[in-house]
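Q: The following block contains a protein sequence and its predicted model.
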Amino acid sequence: MPSHRIVIVDDHPLFRGALSQAINAAFQGAEIVECGSLDELVTKLETDADTDLVLLDLSMPGVRGLSGLLYLRTQHPGVPVVVVSATDDIGTIRRCIDFGASGFVPKSEPVDRIRAAVRAVLDGEIWMPPGIDLSGTADHETSDLIARLSTLTPQQVRVLLMLGEGLLNKQIAFKLGVSEATIKAHVSAILQKLAVDSRTQAVIAIGKLDPANWQKSIG
């Protein structure tokens, strides 16, 4: 049996391969699984949820910033997630940790530090780049959004992410294998929990999970 099962999620094959080799060299016997999209990761976890760690890129097709992290934290709360991203300003790092990431590793970090981050999180710690101080003033708007999003069920999160992709109720129903009436019920619950009046406002809310819409620093 492998000592650890680690899943790498990144849409760049060269980076996935390099990261896989780096981790494999430091964790003998580990099973390294590579995924090129969030959908592929979802399928892998539904097939075998016995995963010790997910290394997740923020920028991939079908993922808007923290939406992938949000989905993982609601659907698989027992699986630690480390964000590995080229977007590494303090605002992004804070939001990732606030959303439940167990660590944040900039893609610019040297191999030894990436390995140290993986080892620390596997040991139950939270890992951030040296010198990062998150004790400043919190982003209250984001904190409120996080609190509201945390009330959504895993299925409601999936529906919300699909709303953010511009899918219609019937398209979402087809993808999830449920009735359109079920999706309408989910949408109504989402609007109520997010305290918004329309699908458009819900999509705007999910857009706030995208780093492109954030200020580069907080307080």
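A: Great, that's in hand.

Q: what ranges do the helices span in the chain?
A: Shown for the chain, the helices assigned by DSSP state H span residues 13-26, 38-47, 67-75, 90-98, 111-122, 140-149, 154-164, 169-176, 180-194, 199-207.

Q: worst average pLDDT in the ones you listed?
A: Within the helices of the chain, confidence is poorest for helix 140-149, with a mean of 79 (mean pLDDT).

Q: Quick check: buried residues in that helix?
A: For helix 140-149, burial by neighbour count (16 or more other Cβ atoms under 10 Å) applies to Thr142, Leu145, Ile146, Leu149. (C-beta placed from N, C-alpha, C; glycine too.)

Q: and the last one, how far is that from Leu209?
A: When distance is defined by Cβ to Cβ, to the nearest Å, Leu149 is 8 Å away from Leu209.

Q: list the residues that contact both of these two?
A: Common neighbours of Leu149 and Leu209, counting by Cβ atoms under 8 Å, 6 or more residues apart in numbering, are Leu70.

Q: how's this protein carved up into domains?
A: 5-122, 140-213 (automatic domain parsing).

Q: Switch those over to a markdown table; also include distance to Ile132.
A: Listed next are the domains of the chain as a markdown table, based on distance: least, Cβ to Cβ, whole Å:
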| stretch | distance to Ile132 |
| --- | --- |
| domain 5-122 | 6 |
| domain 140-213 | 16 |
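
Q: Of those domains, flag the one that's most buried.
A: Burial of these is given as mean neighbour count (mean count of other Cβ atoms under 10 Å); domain 5-122 ranks first at a mean of 18.

Q: Next, the distance between the ends of that domain.
A: One end of domain 5-122 sits 10 Å from the other (Cα to Cα, to the nearest Å).

Q: got it, and stretch 99-109?
A: Terminal residues of stretch 99-109 lie 22 Å apart, using Cα to Cα.

Q: what's in contact with it?
A: By Cβ under 8 Å, 6+ apart, stretch 99-109 touches 15, 55, 66, 69-70, 73, 77, 80-86, 88, 92-93, 96-97, 113-114, 117, 120-121, 125-129, 146.

Q: show me what contacts Thr51?
A: With contact set as Cβ under 8 Å, 6+ apart, Thr51 has these partners: Arg5, Ile6, Val7, Val33, Lys44, Leu45, His76, Val79.

Q: between those, which is nearest Leu191?
A: Nearest to Leu191 among those is His76, at 25.3 Å by Cβ to Cβ.

Q: How about the most centrally placed residue in the chain: what's its closest non-neighbour residue?
A: A centroid search over the chain (Cα atoms, centre = their mean) returns Leu69, at 1.4 Å, as the residue closest to the centre. Nearest non-adjacent residue to Leu69, counting by Cβ to Cβ, 6 or more residues apart in numbering: Phe99, 5.2 Å away.
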